[in-house]
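S.K.: sequence plus the predicted model coming up.
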Amino acid sequence: MTPSRRSLLSRVLRTSAFLGAALTVGLASAQSAKPIRLLVGFPPGGGSDAIARTLSEKLKDELGVPVVVENRPGAGGQIAAQALKAAVPDGTTLFITHDHTISILPQVVKNAGFDPVRDFVPVGGFATFVNAFAVSGGTPAKSFGDYVNWVRTAGQGKGAVGIPAPASTPEFLVKLIGQKYQIDLVSAPYRGSAPMMADMLGNQIGAGVASVQDFIENHKAGKVRVVGVLGTKRQAAMPDVPTFDEMGLKGFEDLPYYGIYAPTGTPQKFITEFSIALSKVVAMPDVREHLTAMGLTVGYMTPQQLATRQAAYTEAWTRIIKTSGFVAQ
């Protein structure tokens, strides 16, 4: 073999070795970039599910790994919360949830199977929201006052109101409304807002209480009518709907929140990485516009800010639950 051929062969072999090594490194890197599971405690089709899917698409681009929404519905988010607690704390399993599962459920269930302070680490928050009272298209009510009068006459003072989960903000609201207006309202708990909405659209139940984002599309379409919202300010997405504060129903001024949590023990680098990605996604104009249209007040919260809001909201609801006389079940 001539020297020139030996040189050529040597270069080919070196190039092949380099490409092989690069391919091996690339495959190893791809294998280490595991998908992130984003647990949701409610069924597909509800407000929480829609929010999770909106964020997951953008988070995937920011993080460079798939972010897969995994629905674990049931018991007001309790099943998903237990799944988070049991997950390996390696940064690949997170939980997107609102206040009910974190601040309220552990106080109204004797054995929730998790302690949000001990078992979870706040990753970041992204919005606050309000709950709303809506009536189905099958009722003649055009306002909340109309609904109360309808219950008193057509229902002889009795009515059923759908709620997404037992022992939740909606259930306490139903109880307070019944007391204030001296009507016998009974909460009908569902496994999430989606099946409740299906019954409302089918006129199987006359009213329901859930978050604004659960009702807003059907409200705009005229299929249900939101007749009251909680909080102290009317919602930009439905400015004609009065607040219960305006109507004299006090005690629900603290706004619920949405946040993302990881299991305790998750390395700080993953918490920081995901939280930074969340802050960028929440700042995107199209994301803000979409979430605002769903009835959310969008705003990024650092892990510490989320922890502070969680603690304050939990304290407020400790007082409400105690005052109501509710006994953990």
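M.R.: That came in fine, so what should we check first? Bear in mind that the values here come from a model prediction, so they are computed numbers and not experimental data.

S.K.: please, where are all the helices along the stretch 201-329 of the chain?
M.R.: Ranges of helices in the stretch 201-329 of the chain, per DSSP state H, counting those that start in this stretch, are 212-220, 268-282, 285-293, 303-324.

S.K.: run a quick neighbour tally on the residue nearest to residue 283 when sequence neighbours are not counted.
M.R.: Distances taken as CB to CB, 6 or more residues apart in numbering place residue 300 nearest to residue 283, at 7.0 Å, with adjacent residues excluded. Placement of C-beta: from N, CA and C, glycine included. Using other CB atoms under 10 Å, the number of residues around residue 300 comes to 17.

S.K.: surely residue 300 meets residue 55?
M.R.: No: here residue 300 lies out of contact with residue 55, judged by CB atoms under 8 Å, at a distance of 11.6 Å.

S.K.: for the helices of the stretch 201-329 of the chain, which one ends up most surrounded?
M.R.: For the helices of the stretch 201-329 of the chain, ranked by mean neighbour count under the definition mean count of other CB atoms under 10 Å, the leader is helix 212-220 at a mean of 22.

S.K.: what angle separates it from helix 285-293?
M.R.: With axes from the mean of the first three to the mean of the last three CA atoms, to 10 degrees defining the directions, helix 212-220 sits at 80 degrees from helix 285-293.

S.K.: just the residues contacting helix 212-220, thanks.
M.R.: Helix 212-220 is contacted from outside by 46-47, 50-51, 129-132, 134, 164, 193, 197, 200-201, 208, 224-226, 229, 235, 237-238, 293-296, using CB atoms under 8 Å, 6 or more residues apart in numbering.

S.K.: mind running it again at 7 Å?
M.R.: Surrounding helix 212-220, the residues in contact under the criterion CB atoms under 7 Å, 6 or more residues apart in numbering are 46-47, 51, 129-130, 132, 134, 193, 197, 201, 224-226, 229, 235, 237-238, 294-296.

S.K.: with stretch 168-181 instead?
M.R.: The contact list for stretch 168-181 (CB under 7 Å, 6+ apart) reads 76, 100, 104, 131, 148, 161, 163-164, 184-185, 187, 209-210, 249, 252, 256, 320, 324.

S.K.: repeat that for stretch 279-291.
M.R.: With CB under 7 Å, 6+ apart as the criterion, stretch 279-291 contacts 51, 54, 55, 58, 59, 62, 124, 126, 127, 298, 300.

S.K.: repeat that for 6 Å
M.R.: Among residues not part of stretch 279-291, those counted as contacts by CB atoms under 6 Å, 6 or more residues apart in numbering are 54, 58, 59, 62, 126, 298, 300.
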